[in-house]
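*Asks:* sequence and predicted model, in that order:
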Amino acid sequence: MNVLLLGSGGREHALAWKLAQSDGLDTLYAAPGNPGIAAHATCVALNATDHAAVVAFVKEHGVGLVVVGPEAPLVDGLADSLRAEGIPVFGPSKAAAQLEGSKGFTKDLCRRADIPTAGYVRVNTLAEAQAALASTFGLPVVIKADGLAAGKGVTVAFTKAEAEGTITDLFSVPGAEVVIEEFLEGEEASLFILTDGEALLPFGSAQDHKRVGDGDTGPNTGGMGAYSPARVLTPELERQAIDRIVRPTVETLRAEGTPFSGVLYAGLMLTEQGPKLIEYNARFGDPECQVLMLRFQGDLLAVMLA
Ligand code: AMP
Ligand code: GLY
């Protein structure tokens, strides 16, 4: 089978390296790819925001599976455009990718399905945000822009002034949507689950190194490295996270007619009351994918097709 992999990061390099080892692989294309990926795939120039161009490429090159690496094309509905043409995709629909694309969507789903997560309110104006900060939340408090922000949309405010400044900034943009959350205490761990919308296949846990400098110093990044497994997520805690968080999420989305297929990346806080959901991503983590692919002993193409 020919496969098209979309993306250009370390995550996609790891996916390309592993896909290249699959028995069923014929030609692997990567768009746009990167110099590391070029050792495993034929890199092609394709703009993932141009759905018609991706569909045309797939048809022209007999591609049997499209693997979408990053979140933006998923939130943009690329998987729907491909599936509408009968093309298999690893990655969720636009509706299901809202798990990553809208923090408010995920919080509301948690409420509907009784999934443990931080208490929250969604606010649409500065006045609503100020009222919520004054009445509902103590300090520290967590303030998030609703949409995709490449890891930069979250502020943990430790003072009233910081919280005020954050909401003032966020609402300086017209139409802003914001989620204000209770601060959760504990250690964080990430859990990766493959799903076709129904069955769940735990794929391992990981933690990334967030701070830019050695010794956990400097500003937060998208992840300066990662390790797997995250041993703090014991088998018992992983079972709890699947039973109380991941399974109800997958079942709710399925019941509501928007099943999630692909990889569900659950960002968890391991609190004294057990695992709570911080956020979902609708794709593999970068750099977490690099350590997950090194550990995985199976046939990635076969698993992704399933
Ligand atoms: P997110 O983009 O939602 O993963 O948030 C980025 C980071 O902010 C997380 O990895 C946590 O370290 C922190 N964070 C987010 N939400 C909370 C919360 N409710 N309580 C404590 N820390 C949080
Ligand atoms: N390393 C964090 C992420 O991929 O979202």
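*Replies:* Here it is on my side, so go on. Ligands and ions are numbered 1, 2, ... in the order given.
*Asks:* tell me the SS of the residue of the stretch 1-150 of the chain found nearest ligand 2?
*Replies:* Nearest residue of the stretch 1-150 of the chain to ligand 2 (CB to the nearest ligand atom) works out as Arg11 at 7.3 Å. C-beta here means a position set from N, CA and C on the backbone, and glycine is covered the same way. Per DSSP: H, G, I helix; E, B strand; the rest coil, the local secondary structure of Arg11 is helix.
*Asks:* what about the nearest residue to it once chain neighbours are set aside, how many neighbours?
*Replies:* Closest residue to Arg11 apart from its sequence neighbours, by CB to CB, 6 or more residues apart in numbering: Asp286 at 3.6 Å. When neighbours are defined as other CB atoms under 10 Å, Asp286 has 21 of them.
*Asks:* also Asn47?
*Replies:* 11.
*Asks:* equivalent analysis for Met304, please.
*Replies:* Count around Met304 with other CB under 10 Å applied: 21.
*Asks:* contact partners for Ala241?
*Replies:* Leu191, Leu233, Ala266, Leu268, Pro275 (CB atoms under 8 Å, 6 or more residues apart in numbering).
*Asks:* could you rerun that using 7 Å?
*Replies:* Leu191, Ala266, Leu268, Pro275 (CB atoms under 7 Å, 6 or more residues apart in numbering).
*Asks:* pretty sure the first one is in a strand, no?
*Replies:* Yes - assignment of Leu191 by three-state DSSP places it within a strand.
*Asks:* low-confidence regions, the stretch 151-300 of the chain specifically.
*Replies:* 151-152 (pLDDT under 70).
*Asks:* can you pull out the helices in it?
*Replies:* Along the stretch 151-300 of the chain, the segments classed as helices by DSSP state H, counting those that start in this stretch run 160-170, 235-241, 247-255, 288-295, 300-305.
*Asks:* how much space between the residue of the stretch 1-150 of the chain closest to ligand 2 and Leu126?
*Replies:* For Arg11, the distance to Leu126 equals 36 Å [CB to CB, to the nearest Å].
*Asks:* between the two, point out the one with more neighbours.
*Replies:* Arg11 (22 against 16).
*Asks:* okay but the more buried one is in contact with Leu292, surely?
*Replies:* No - applying CB atoms under 7 Å as the test, Arg11 and Leu292 come out as separate, 9.6 Å apart.
*Asks:* measure Pro229 to ligand 1 for me?
*Replies:* 18 Å (CB to the nearest ligand atom, to the nearest Å).
*Asks:* now that residue, nearest residue through space, not along the chain?
*Replies:* Ser205 (4.8 Å).
*Asks:* where does the stretch 201-306 of the chain get nearest to ligand 1, which residue?
*Replies:* Glu279 (3.5 Å).
*Asks:* list the beta-bridge partners for that residue.
*Replies:* Per DSSP bridges, the residues bridged to Glu279 are Gly267.
*Asks:* tell me the contacts of it?
*Replies:* Lys103, Thr106, Gly267.
*Asks:* the second one belongs to a helix, doesn't it?
*Replies:* Yes - secondary structure assignment places Thr106 in a helix (three-state DSSP).
*Asks:* can you start the count at 680 instead of 1 from here on
*Replies:* Understood, numbering begins at 680; the last thing we discussed is Thr785.
*Asks:* Phe784 and Asp893, how far apart?
*Replies:* 37 Å.
*Asks:* ok, the two, which is more surrounded?
*Replies:* Neighbours were counted for Phe784 and for Asp893 using other CB under 10 Å; Phe784 has more, 18 against 9.
*Asks:* is that one in contact with Ala774, as I believe?
*Replies:* No - assessed by CB under 7 Å, Phe784 is found out of contact with Ala774, at 9.5 Å.
*Asks:* for the stretch 880-985 of the chain, which residues are neighbours of ligand 1?
*Replies:* Proximity of the stretch 880-985 of the chain to ligand 1, by CB under 6 Å from any ligand atom, involves residues Gly946, Ile957, Glu958.
*Asks:* count of residues packed around the first one?
*Replies:* Each residue near Gly946 was counted by other CB under 10 Å, and the total is 14.
*Asks:* name all residues that make contact with the residue nearest to Arg923 when sequence neighbours are not counted.
*Replies:* Excluding the flanking residues, the one nearest Arg923 by CB to CB, 6+ apart is Pro795, at 5.9 Å. Pro795 is in contact with Arg923, Ile924, Gly953, Lys955, Leu956, counting by CB under 7 Å, 6+ apart.
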